[in-house]
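In: Structure of the sequence below:
(2 chains)
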Amino acid sequence: MKTIVIGAGLGGLLSAARLSKAGHEVEVFERLPITGGRFTNLSYKGFQLSSGAFHMLPNGTGGPLARLLREIGADVDIVRSEMTTIRVPLKKGNSDYVKGFKDISFNDFPSLLSYKDRMKIALLIVSTRKNHPAGSTLQAWIKSQVNDEWLIRFADSFCGWALSLKSDEVPVEEVFEIIENMYRFGGTGVPKGGCKGVIDALEAVILANGGKIHTGQEVSKILVENGKAAGVVAESNKHEADLVISNLGHAATVLLCGEALSGKADAGYLKMLETLQPSAGIKICLAADEPLVGHSGVLLTPYTRRINGINEVTQADPELAPPGKHLTMCHQYVAPENVKNLESEIEMGLVDIKEIFPGKRYEVLLIQSYHDEWPVNRAASGTDPGNETPFSGLYVVGDGAKGKGGIEVEGVALGVVSVMGKILS
Amino acid sequence: MKINDNCVGCGQCASFCKKGAIEVKGKARATDACVECGLCIPYCPVKAIEVTA
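Out: Okay, the predicted model is just below:
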């Protein structure tokens, strides 16, 4: 069985590694000179920044990605994060951190509610585990249950950090899948070596199983014969295959199929593609001599203008920065209408950071933004259209085809697991 | 080096530039330190960097 993978991002390499382990002859074609897509390291001034993701596995050692890596036999050491904290104003009623703040544990979020609302939340936590709410956005659902401004802020900072969306953009079903996965798999972890630690381990598996990875080779066409994927054209050379897996998202994948996709039967699929929205975000990377966050988990920041959450990856792996330095990464959601105002969005993020870390000394290393063709997610969480295409033997993996309830790379892993189930069963 | 509107500001080019000649804020911008070596071009994921004639 010969499988060609287009794109050496996380989804592509996970698929290639899993199939090479199952005995497929695997060949990966990557357009860029480097592998890893938006899940690898970028060396910058002695720091290991990332090309996209935050050097973090949202469900840590027990999550879908960690499980898949173990199944593949990829040698990745994942450091479990100690905690997730939320920064809140010292005095209830203050709307920012200027007059002081304190950090509370993630699980203590109800402590900021009135007694009556705390009781209500306690009951909801029990009742919603069996009967997940459905049919609205997270924000609309919260408002229908508890009228409290803090809960909306908390939901927005969590959705902003985890999904780069606002709570009024996320289907409540998706959030409850995420909560279920947090119960099931646990909290965050950091892979040793950052994102590239995972990518290197996957490549080692692919190469050990005789697979090939070509960088700097762009696929210009997916060959389709009788409604079935038959190979690709890369740099003018034809490569035949039994299966093609694309890591490019549905829209770009279909474009490579050209005239093969024209039948009336495909109209519904094409219409669905038009509704897909990528999510946008900004990452501000900080260098500091002293810890800014102080633990290896996430610090959520609901009382800012823009910054949703922060992690300090050197708490888990000091080698991601020069000796004695810390690398701290701040994420902010960008609303679709603000993608054209990125500079002012960044300015607001920088002011937020000053308020989050008053009196601390840090250097802004690099400011990275993601949208449109190189987004946070090709399909905003909760809108992923699955992994199938109108052609048999052609599957889409990656952040344009995530599984349900999977935050970022966990969703990528769930999507790959689903495709592997179809191919290997 | 000309950076076109495809640029999303991901900063990948800046990390591969040997001269530290790329600033990024929403979009990438080549500074006066750029020597037009073209090394960054293939690393751009959205084909935003063009050689100036």
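
In: how long is stretch A:214-227 end to end?
Out: From its first residue to its last, stretch A:214-227 covers 27 Å (C-alpha to C-alpha, to the nearest Å).

In: Mind listing residues that contact that stretch?
Out: A:6, A:8, A:27-35, A:229-236, A:238, A:240, A:244, A:246, A:253, A:256-258, A:260, A:390-392, A:394, B:42 (C-beta atoms under 8 Å, 6 or more residues apart in numbering or on different chains). C-beta: built from backbone N, CA, C; applies to glycine.

In: ChimeraX command for the buried members of these?
Out: Buried residues among the contacts of stretch A:214-227 (16 or more other C-beta atoms under 10 Å in any protein chain shown), as a ChimeraX selection:
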select /A:6,8,27,28,29,30,31,32,34,35,229,230,231,232,233,234,244,246,253,256,257,260,390,391,394 /B:42
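
In: From the contacts of stretch A:214-227, which land in helices?
Out: If you go by DSSP state H, the contacts of stretch A:214-227 have A:253, A:256-257 in helices.

In: Among those, which one lies nearest to A:Leu124?
Out: Comparing these against A:Leu124 with C-beta to C-beta places A:Thr253 closest, at 40.2 Å.

In: Could you measure from that closest one over to A:Glu30?
Out: As judged by C-beta to C-beta, to the nearest Å, A:Thr253 and A:Glu30 stand 15 Å apart.

In: Repeat that for A:Lys354.
Out: From A:Lys354 to A:Glu30 the distance is 39 Å (C-beta to C-beta).

In: Same list (the ones in helices among the contacts of stretch A:214-227) but as TSV, adding distance to A:Gly421 and pLDDT.
Out: Converted to TSV, the ones in helices among the contacts of stretch A:214-227 look like this (distance: C-beta to C-beta, whole Å; pLDDT from 0 to 100):
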residue	distance to A:Gly421	pLDDT
A:Thr253	20	96
A:Leu256	24	96
A:Cys257	24	93
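
In: which of those are close to chain B?
Out: Near chain B, taking C-beta under 8 Å from any C-beta of the partner chain as the test, no member of the ones in helices among the contacts of stretch A:214-227 is found.

In: Put together TSV for those, with distance to A:Leu113 on each row.
Out: As requested, the ones in helices among the contacts of stretch A:214-227 are exported to TSV (distance: C-beta to C-beta, whole Å):
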residue	distance to A:Leu113
A:Thr253	46
A:Leu256	51
A:Cys257	52
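
In: residues contacting residue 26?
Out: Reading this off chain A. Counting by C-beta under 8 Å, 6+ apart, A:Val26 has contacts A:2-5, A:16, A:19-20, A:206, A:209, A:211-212.

In: Chain B was what I was after
Out: A:342-343, A:345-346, A:367, A:369, B:9.

In: again with A:Thr253
Out: So A:Thr253 contacts A:6, A:222, A:246, A:389, A:394, A:396 (C-beta under 8 Å, 6+ apart).

In: One more pass at 7 Å, please.
Out: A:Thr253 sits next to A:246, A:389, A:396 when contact means C-beta atoms under 7 Å, 6 or more residues apart in numbering or on different chains.

In: ditto for A:Ser50
Out: A:41-42, A:194-195.

In: Neighbour-wise, give me the winner out of these.
Out: Within the contacts of A:Ser50, A:Cys195 tops the neighbour count with 29 neighbours, counted by other C-beta atoms under 10 Å in any protein chain shown.

In: ok, residue 22 - how many residues close by?
Out: Because you didn't say which chain, this covers chain A. Residues near A:Ala22, counting by other C-beta under 10 Å, number 15.

In: think we crossed wires, I meant chain B
Out: B:Ile22: 22 neighbours (other C-beta under 10 Å).

In: What of A:Ala321?
Out: Neighbour tally, A:Ala321, other C-beta under 10 Å: 22.

In: ok, now which ones touch it?
Out: Here A:Ala321 is in contact with A:47, A:287, A:314, A:327 (C-beta under 7 Å, 6+ apart).

In: for the residues you listed, which one is nearest A:Leu165?
Out: A:Leu327 (25.3 Å).

In: Identify the residue nearest the residue nearest the centre of chain B in space, chain neighbours excluded?
Out: The C-alpha lying nearest the average C-alpha coordinate of chain B belongs to B:Cys13 (C-alpha atoms, centre = their mean; 5.0 Å). Nearest non-adjacent residue to B:Cys13, counting by C-beta to C-beta, 6 or more residues apart in numbering or on different chains: B:Cys40, 4.0 Å away.

In: swap in A:Ile142?
Out: A:Leu151 (5.4 Å).

In: Let me know whether the one you found touches A:Lys143 as I believe.
Out: No - with contact defined as C-beta atoms under 7 Å, A:Leu151 does not count as touching A:Lys143 (8.8 Å).

In: who's more crowded, these two?
Out: Using other C-beta under 10 Å as the criterion, A:Leu151 and A:Lys143 rank with A:Leu151 on top: 22 against 16.

In: which helices and strands does the helix or strand containing that one pack with?
Out: Using DSSP states H and E, A:Leu151 falls within helix A:149-163. With contacts taken as 3 or more C-beta pairs under 7 Å, 6 or more residues apart in numbering or on different chains; DSSP states H and E, helix A:149-163 sits against helix A:138-145, strand A:298-300, strand A:307-312, strand A:326-334.

In: buried ones in it?
Out: Here helix A:149-163 shows A:150-163 as buried, counting by 16+ other C-beta under 10 Å.

In: ok, then the element right after that helix?
Out: helix A:172-185.

In: Run through the neighbouring helices and strands of that following helix.
Out: helix A:138-145.

In: Distance from the chain centre to the helix it packs on, please.
Out: 24 Å (C-alpha atoms, centre = their mean, to the nearest Å).
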